[in-house]
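Peer 1: Turn this into a structure:
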Amino acid sequence: MQNKERWNIFWTDEAYFHVHGHGNTRNCRIWAMENLSGHQPVPLHSEKVTVWCGFTASFIVGPSFFEEIGPVIFALNGVRYESLLSSYVIPALQQRACVRSTIFMQDGAPPHISNPVKRHLSMHFGNYRIISRHFLTNWSP
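Peer 2: From the prediction side, this is the model:
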């Protein structure tokens, strides 16, 4: 990869956050002046929001929010992710006239490698400008 191409990588990922203050410590670290190691009860199935964002060295696309409220789940899945790409992400990149020069990077989460998503990404970026699981260039572990 040439040095110029590194600036054209469109990094994408999502994380979920509990609405009632419980943190997902797998995705974040909390720095505080006081000791937060005390136990705080949290509901077994609390409301969550999933936040997706993409960025390059030049701009940010997003954030986009997917809510999860009680038993009704609006979390990110293959159908919603493909819809996000087709209705929001790709048009945002087209508006900046950078789709042909952008390398699309995502991890190998199941919604990211569903067949409709893979077809949609291949149609816009070709197989050589996608860094993801189940594509020619895997995301490094």
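
Peer 1: what comes up buried for the longest helix that the chain contains?
Peer 2: Ordering each helix of the chain by length in residues (DSSP state H) puts helix 115-125 first. For helix 115-125, burial by neighbour count (16 or more other C-beta atoms under 10 Å) applies to 117-118, 120-121, 124-125. Placement of C-beta: from N, CA and C, glycine included.

Peer 1: again with stretch 8-17
Peer 2: Here stretch 8-17 shows 8-10, 12, 14, 17 as buried, counting by 16+ other C-beta under 10 Å.

Peer 1: Out of those, which is nearest to P63?
Peer 2: E14 (9.0 Å; C-beta to C-beta).

Peer 1: Figure out how far stretch 118-126 is from the centre of its chain.
Peer 2: Distance, stretch centre to chain centre, for stretch 118-126: 16 Å (C-alpha atoms, centre = their mean, to the nearest Å).

Peer 1: tell me how far the ends of stretch 99-115 are from each other?
Peer 2: In stretch 99-115, first residue to last residue: 21 Å (C-alpha to C-alpha, to the nearest Å).

Peer 1: Begin at 861 from now on, thanks
Peer 2: Taking 861 as the first residue, the last one we looked at is stretch 959-975.

Peer 1: what about it, distance to the chain center?
Peer 2: Per C-alpha atoms, centre = their mean, the centroid offset for stretch 959-975 relative to its chain is 9 Å.

Peer 1: No further queries at this time; thank you.
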